[in-house]
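Novice: Take a look and give me a structure for this.
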Amino acid sequence: MDTANLADALDPTLVLLTVEEAARRLQIGRTVCYRLIRSGELESITVGHLRRVPADAVPEFVSRRRMSHRPARTAA
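Specialist: I've put the predicted structure just below:
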């Protein structure tokens, strides 16, 4: 990956990410990222014929996953 693409992938000012950029931020493969989009777990929108992931959808996805995988606390 060249330096320009790396800078774009990590640029916090981006509003919309390509699926590849979202996958890179999540450290998953492109195919897995598309699967998450298809299932509705990761939000995406279309712009013309392009699929884009809102940048804030990535941390929201992670937060939801973290909440759903936390062990239930028992009352003592």
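Novice: immediately after the helix or strand bottoming out on mean pLDDT in the chain, which helix or strand?
Specialist: Each helix and strand of the chain was given a mean pLDDT (mean pLDDT, DSSP states H and E); the minimum falls on helix 3-10 at a mean of 58. Using DSSP states H and E, the helix or strand that follows helix 3-10 towards the C-terminus is strand 16-18.
Novice: Can you tell me what sits against the helix or strand just after that next one?
Specialist: Read in the C-terminal direction, the helix or strand following strand 16-18 is helix 19-26, with elements assigned using DSSP H and E. The contact list for helix 19-26 (CB atoms under 8 Å, 6 or more residues apart in numbering) reads 8-9, 14, 17, 29-30, 32-34, 37, 42, 44, 51-53, 57-58, 61-62. Where you see a C-beta, it was placed from the backbone N, CA and C, and this is true even at glycine.
Novice: List only buried entries from those residues.
Specialist: Taking 16 or more other CB atoms under 10 Å as the criterion, what is buried in these is A9, L17, C33, Y34, I37, L42, S44, R52, V53, A57, V58, F61.
Novice: mind listing which of the residues you listed are in helices?
Specialist: With helices defined by DSSP state H, the entries of the buried ones among the contacts of helix 19-26 inside them are A9, C33, Y34, I37, A57, V58, F61.
Novice: Pull the contacting residues for the nearest residue to E60 once chain neighbours are set aside.
Specialist: Excluding its sequence neighbours, the residue lying closest to E60 (CB to CB, 6 or more residues apart in numbering) is E43, at 7.3 Å. Shown here is E43, whose contacts under the criterion CB under 8 Å, 6+ apart are I37, V53, P54, A57, E60, F61.
Novice: For the fourth one, give its distance to P71.
Specialist: Right, A57. In this structure, A57 and P71 are separated by 26 Å, where distance is defined by CB to CB, to the nearest Å.
Novice: cool, the fifth one as well?
Specialist: When CB to CB is applied, the distance between E60 and P71 equals 22 Å.
Novice: Pull the most distant pair out of the contacts of E43.
Specialist: I37 and E60 (13.5 Å; CB to CB).
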